[in-house]
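Chemist: below: sequence and its predicted model.
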Amino acid sequence: MWEIAICESDPLFAEELADEIYTFYNERDFKVQITIYGEGARLMEEMDRPMDVVFLNTRLCDAPGFGVAAFLRLNNEIDQPLLVFIGSQKEDMQAAFEYRPIDFIRPKSWRKDLERAVERLWVWEHRTKYIQLGTKTRNTLVRTADIQYFESQGHYLTVYFTDKENRFQEYRFRGNLWEYEKQLKKQYFVRTSKSYMVNCAFTDSIEDKVVLKNGMKIPYSKNRKDDVEKMLDRYSHEMLNRL
């Protein structure tokens, strides 16, 4: 679950933002808790509890939004939340880059901008997820963003991934590919056949087989080709939205 703060002096606009954010994540079965702050001072006072994301107006009624952003970025006693700025001034958009925001929402086009922002946050959240591979007695924790593909052989799975030193690794254990497909479908993994599942982040193209960026070719079933293409298109679209 994510803790999200909206720091916005217009209460009606803040409620609209909250409703749209709830809708986006509810559709993806992801829980969020949203707290609305009308003043920057109150947000800073309550930052003793961790926040994952802060939607922050650059021009609050009680304080400059960038002053609040500086507090969030420079305070070593709190975990730095992901920032999404809200503002209508061009100079504010330029100044925002200093604080490394995920996105910038303009009130005149806020619905379109918000849709892009929450999609970027969704992608960001899944980049940092970990998954436990293996059995109860023999397992390992791997970052999902490092997994290239799964291969099923009989009652065994082999997972191919890169470690912290960017070395290619294999991890083999007794398991069912369907269980991991269920866990990873929303994180841009797609089943290409009965025996394989690939991470779209490592996929380059689809030819007679799915071609990975390292040149490796993964077979796909004809009846799964449409699913593979749709997932790759979705992944590419959401990656472009982050640029």
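Modeler: Nice, I can see it. Numbering: from 1, shown residues only.

Chemist: what about this protein, any weak spots by pLDDT?
Modeler: In the predicted model of the chain, residues 76-79, 126-128, 164, 238-243 satisfy pLDDT under 70.

Chemist: could you rerun that using 80?
Modeler: 1, 28-29, 48-50, 63-64, 74-80, 123-130, 136, 163-166, 185-186, 236-243 (pLDDT under 80).

Chemist: how about Tyr171, what does it touch?
Modeler: Tyr171 makes contact with Leu133, Gly134, Thr140, Val142, Thr158, Val159, Phe161 under the criterion CB atoms under 8 Å, 6 or more residues apart in numbering. C-beta here means a position set from N, CA and C on the backbone, and glycine is covered the same way.

Chemist: could you check how far it is from Arg143?
Modeler: Counting by CB to CB, to the nearest Å, the separation of Tyr171 from Arg143 is 13 Å.

Chemist: what's the closest of the contacts of Tyr171 to Val84?
Modeler: Taking CB to CB as the measure, Val142 is the one of those closest to Val84, at 29.3 Å.

Chemist: and the next element down the chain from the strand or helix carrying Asp92?
Modeler: Asp92 is part of helix 90-96, with elements assigned from DSSP states H and E. Counting by DSSP H and E, the element after helix 90-96 in chain order, helix or strand, is strand 103-105.

Chemist: what packs against the following helix or strand past that next one?
Modeler: Following the chain from strand 103-105 toward its C-terminal end, the next helix or strand by DSSP H and E is helix 110-127. With contacts defined as 3 or more CB pairs under 8 Å, 6 or more residues apart in numbering; DSSP states H and E, helix 110-127 has these neighbours: helix 11-26, strand 82-86, strand 103-105, helix 225-241.

Chemist: nearest to Asn199, out of those?
Modeler: Ranking the helices and strands packed on helix 110-127 by proximity to Asn199 (CB to CB) places helix 225-241 first, at 9.2 Å.

Chemist: next, the angle from that closest one to helix 110-127.
Modeler: Following axes from the mean of the first three to the mean of the last three CA atoms, to 10 degrees, one obtains 110 degrees for the angle between helix 225-241 and helix 110-127.

Chemist: and helix 225-241, C-alpha only, in PDB?
Modeler: Included here for helix 225-241 are C-alpha records, laid out as PDB according to Å, rounded to 0.1, in the frame of the first residue of the first chain:
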ATOM      1  CA  LYS A 225       0.900 -13.900 -30.000                       C
ATOM      2  CA  ASP A 226      -1.800 -11.300 -29.600                       C
ATOM      3  CA  ASP A 227      -1.400 -11.300 -25.800                       C
ATOM      4  CA  VAL A 228       2.400 -10.900 -26.200                       C
ATOM      5  CA  GLU A 229       2.000  -8.000 -28.600                       C
ATOM      6  CA  LYS A 230      -0.600  -6.200 -26.500                       C
ATOM      7  CA  MET A 231       1.600  -6.400 -23.400                       C
ATOM      8  CA  LEU A 232       4.600  -5.200 -25.300                       C
ATOM      9  CA  ASP A 233       2.600  -2.300 -26.700                       C
ATOM     10  CA  ARG A 234       1.300  -1.400 -23.200                       C
ATOM     11  CA  TYR A 235       4.800  -1.500 -21.800                       C
ATOM     12  CA  SER A 236       6.200   0.700 -24.600                       C
ATOM     13  CA  HIS A 237       3.400   3.200 -24.200                       C
ATOM     14  CA  GLU A 238       3.800   3.600 -20.500                       C
ATOM     15  CA  MET A 239       7.600   3.800 -20.800                       C
ATOM     16  CA  LEU A 240       7.300   6.600 -23.400                       C
ATOM     17  CA  ASN A 241       4.900   8.400 -21.000                       C
END
